[in-house]
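Participant: sequence unavailable; structure follows:
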């Protein structure tokens, strides 16, 4: 069987070789899904007349990963792509995303080591970090006040608040079986690590004690009718977020950029707080999302593409625009001290200290020590297993077991050694 190192070596061979700047105007294709990113790209095009970037939005998240792989197989992928951190290892191993170390020697100085960790493999850089997305609690401040509640500091307090809110005719939140991002963040907060390596061998611990602790907590809320079962971002969920049926959202720091489309009539009614802790006073949280700007192996202009990726995520004006237009929390160290962060997002006009809270929470955010090479299989397993558990009332722990088995079987099929 091929080892992980062997597969990575194959990928690195595919990634070898560098591009030289093309004479004349360079045209770059950029795939991404951030709302209003076209306004940021327009700034680049105005100031870089010799390198023109065209932005398209073919899909988001996991769907974009699938499209990138398909496009690479056909030899017609974009030059630049937004990639969530958890998807980067599989894109590197599949030869879709290229090593840009030689083009980012100065760029990497703009980031701290924890922020660079998700884009570095075997001491090579495969993307420029765009944002960090600590998991936080967003709640309807007006309804919490009406119900006599304050933001819960622990998960026990959150469960107690769920009972109070239910008695008032509303629901604290939903259990989303369609998108695993929030659940993985909760497992990270609890100290779980789904993938680790020793030499060339992998250990997979999706159904470990920390994961089952999180699953049992939410299973109890579901069984007691204290949380809804509908998926996030569905028409029903949007309606319930807008009309106050759902009063909290466990989400990444990017949530303000989405709430305007989800619940447009609730501007100024939301507040943000640190994620409830398992033990009072603990400041750990997980992440949901967070992305890097990558250069693909299909690009014939890697140097120029890497220059755009660096500008996008380190230039003060570009980062400021992303904060204003997209509500990112910057990955670059200097970006976290920009003047624009002294004002709250437009959807949170009543919480002047919004970014102060994010800045306090961010150092306690932990991801998995690494993401596995087949995250798409694991995430599909989540959707299938937890979707069935919600419909059938079957144990959440068994859903984790199913995810574990599917992920391990796929890794072995791909040639990885799993112990």
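Facilitator: Perfect, thanks for sending it. Note that the coordinates shown come from a computational prediction; the quantities given were computed from them, not determined experimentally.
Participant: show me where the stretch 301-419 of the chain has its helices.
Facilitator: With DSSP state H, counting those that start in this stretch as the criterion, the stretch 301-419 of the chain has helices at 302-314, 316-326, 354-361, 375-392, 396-414.
Participant: can you list contacts of the third one?
Facilitator: Outside of helix 354-361, the residues within contact range by C-beta atoms under 8 Å, 6 or more residues apart in numbering are 134, 136, 253, 256, 272-275, 283, 285, 329, 336, 341-342, 344-345, 348. Any C-beta I mention is one placed from the backbone N, CA and C, and that applies to glycine too.
Participant: picking that back up, deepest-packed of the helices of the stretch 301-419 of the chain, please.
Facilitator: helix 302-314 (a mean of 24; mean count of other C-beta atoms under 10 Å).
Participant: the inter-axis angle of that helix versus helix 316-326?
Facilitator: Following axes from the mean of the first three to the mean of the last three C-alpha atoms, to 10 degrees, one obtains 70 degrees for the angle between helix 302-314 and helix 316-326.
Participant: chain center to helix 302-314, what's the gap?
Facilitator: Relative to its chain's centre, helix 302-314 lies at 21 Å (C-alpha atoms, centre = their mean, to the nearest Å).
Participant: that helix packs against which elements?
Facilitator: Secondary-structure packing of helix 302-314 (3 or more C-beta pairs under 8 Å, 6 or more residues apart in numbering; DSSP states H and E): strand 26-31, helix 37-47, strand 51-56, strand 80-84, strand 128-129, strand 291-295, helix 316-326.
Participant: and the angle from that helix to helix 37-47?
Facilitator: Going by the same axes, to 10 degrees, helix 302-314 makes 120 degrees with helix 37-47.
Participant: how far off strand 80-84 does helix 302-314 point, in degrees?
Facilitator: Computed by the same axes, to 10 degrees, the angle between helix 302-314 and strand 80-84 is 50 degrees.
Participant: list the contacts of helix 302-314.
Facilitator: For helix 302-314, using C-beta under 8 Å, 6+ apart, the contacting residues are 18-21, 26, 28, 30, 40, 44, 48, 51, 53, 79-80, 98, 100, 103-104, 106-107, 110, 127-130, 293-296, 299, 318-319, 322, 330-332, 334-335.
Participant: run the angle between that helix and strand 291-295 for me.
Facilitator: Going by the same axes, to 10 degrees, helix 302-314 makes 160 degrees with strand 291-295.
Participant: ok, residue 215 touching residue 399?
Facilitator: Yes. Assessed by C-beta atoms under 8 Å, residue 215 is found in contact with residue 399 at 7.2 Å.
Participant: skip ahead from whatever helix or strand residue 238 lives in and say which helix or strand is next.
Facilitator: Assigned by DSSP states H and E, residue 238 belongs to helix 235-243. Remark: after helix 235-243, the chain's next helix or strand is strand 248-252, criterion DSSP H and E.
Participant: tell me, what residue is most central in the chain?
Facilitator: The centroid of the chain falls nearest to residue 289 when counting by C-alpha atoms, centre = their mean (0.5 Å).
Participant: list the contacts for it?
Facilitator: Residues in contact with residue 289, defined by C-beta under 8 Å, 6+ apart, are 84-85, 133, 181, 252, 254.
Participant: equivalent analysis for residue 148, please.
Facilitator: Residue 148 makes contact with residue 164, according to C-beta under 8 Å, 6+ apart.
Participant: quick one: secondary structure of it?
Facilitator: Assigned with DSSP: H, G, I helix; E, B strand; the rest coil, residue 148 falls in the coil class.
Participant: that one and residue 164, how far apart?
Facilitator: 8 Å (C-beta to C-beta, to the nearest Å).
Participant: how far away from the center of its chain is stretch 340-350?
Facilitator: The answer for stretch 340-350 is 22 Å, by C-alpha atoms, centre = their mean.
Participant: average pLDDT for it, rounded please.
Facilitator: The predicted model assigns stretch 340-350 a mean pLDDT of 95.
Participant: so what touches that stretch?
Facilitator: By C-beta under 8 Å, 6+ apart, stretch 340-350 touches 141, 256-257, 259-260, 267-268, 270-272, 320, 323-324, 327, 351-355, 359.
Participant: any of the contacts of residue 289 buried? List them.
Facilitator: 84-85, 133, 181, 252, 254 (16 or more other C-beta atoms under 10 Å).
Participant: hang on, the earlier thing: which among the contacts of helix 302-314 count as buried?
Facilitator: 19, 26, 28, 30, 40, 44, 51, 53, 79-80, 98, 100, 103-104, 107, 110, 127-130, 293-296, 299, 318-319, 322, 330-332, 335.
Participant: hmm, who's touching the helix or strand where residue 88 lies?
Facilitator: Assigned by DSSP H and E, residue 88 belongs to helix 88-93. Contact with helix 88-93 is made by 7-8, 11, 15, 65, 68-69, 83, 97, 118-119, 121, 126-127, 292, 294, 370-376, as judged by C-beta under 8 Å, 6+ apart.
Participant: swap in 7 Å and give it another go.
Facilitator: 7-8, 11, 65, 68, 83, 97, 118-119, 121, 126-127, 292, 371-376 (C-beta atoms under 7 Å, 6 or more residues apart in numbering).
Participant: for stretch 245-255, same thing?
Facilitator: With C-beta under 7 Å, 6+ apart, stretch 245-255 has contacts from 131, 133-140, 143, 165, 170-174, 182, 228, 240, 275, 287-289, 327-329, 358.
Participant: list the buried residues for it?
Facilitator: Buried-residue list, stretch 245-255, by 16+ other C-beta under 10 Å: 246-255.
Participant: also stretch 26-35?
Facilitator: The neighbour-count check on stretch 26-35 (16+ other C-beta under 10 Å) flags 26, 28-34 as buried.
Participant: go on, stretch 231-239?
Facilitator: Under 16+ other C-beta under 10 Å, the buried positions of stretch 231-239 are 231-232, 237-238.
Participant: cool, stretch 214-230 as well?
Facilitator: Neighbour-count burial for stretch 214-230 [16+ other C-beta under 10 Å]: 214-215, 217-219, 221-222, 226-228, 230.
Participant: pLDDT at residue 327, what is it?
Facilitator: Reported pLDDT for residue 327: 86.
Participant: for it, grab the count of nearby residues.
Facilitator: 26 (other C-beta atoms under 10 Å).
Participant: now do residue 393
Facilitator: The number of residues near residue 393, taken as other C-beta under 10 Å, comes to 10.
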